[in-house]
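Trainee: Got a predicted structure plus its sequence, pasted below:
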Amino acid sequence: MQPDSVYAICGFNDISSRQAMGFNLMVVDDDGNHRPWSIIVVRWGKKVLGYVNKCPHNSVNLDWELNQFLDPYGIRLMCGKHGSTFELGTGRCVEGPCQGRALTPIALVVLDGDICVVGVHLVEDDASANN
Ligand code: FES
């Protein structure tokens with residue numbers, strides 16, 4: 001396990017401001033098993049926010065079409081299946097079947113123009129390592 005590893009997943013400019021993009025990665029568990037890890041990365045101006053791509057009430061991915069994560073107003077994340085909407089900044093569900101629950105945040109940093117995940121151990125075939 002390399003808890004301090006930093007993995008670049010895309011360039012900062014690969015995601016336009018006010019857009020979200022999904023990444024299907026693979027993590028190594030503490031017991032050494034590989035497990036799919038699907039995440040959402042939102043860029044808002046100079047900020048990046050990340051959440052696990054899993055609705056808290058039914059465990060499905062939020063995007064019903066590839067990379068369709070935002071509500072029609074473009075200001076919240078939305079479950080395409082049932083319409084729950086989530087605050088971008090907190091991941092908290094504000095409307096819909098899982099109201100009051102929240103998406104699981106993930107730690108992201110921007111380094112040398114790349115958006116990177118930290119605090120996880122990725123299977124390196126699925127992402128470029130930068131540690
Ligand atoms: S799975 Fe929870 S709102 Fe869609």
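Mentor: It's in.
Trainee: where does this protein have low pLDDT?
Mentor: Counting by pLDDT under 70, the chain shows low-confidence ranges at 1-4, 125-131.
Trainee: where does it come near the ligand, residue by residue?
Mentor: 55, 57-58, 60, 79, 81-82, 84, 96-98 (CB under 6 Å from any ligand atom). (Each C-beta comes from the backbone N, C-alpha and C, glycine too.)
Trainee: Quick one: buried ones out of those residues?
Mentor: 55, 57, 79, 84, 96, 98 (16 or more other CB atoms under 10 Å).
Trainee: Output the residues you listed in JSON lines; the columns should cover secondary structure and distance to D71.
Mentor: Output for these, formatted as JSON lines (DSSP: H, G, I helix; E, B strand; the rest coil; distance: CB to CB, whole Å):
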{"residue": "C55", "secondary structure": "coil", "distance to D71": "14"}
{"residue": "H57", "secondary structure": "coil", "distance to D71": "17"}
{"residue": "C79", "secondary structure": "coil", "distance to D71": "10"}
{"residue": "S84", "secondary structure": "coil", "distance to D71": "10"}
{"residue": "G96", "secondary structure": "coil", "distance to D71": "10"}
{"residue": "C98", "secondary structure": "coil", "distance to D71": "15"}
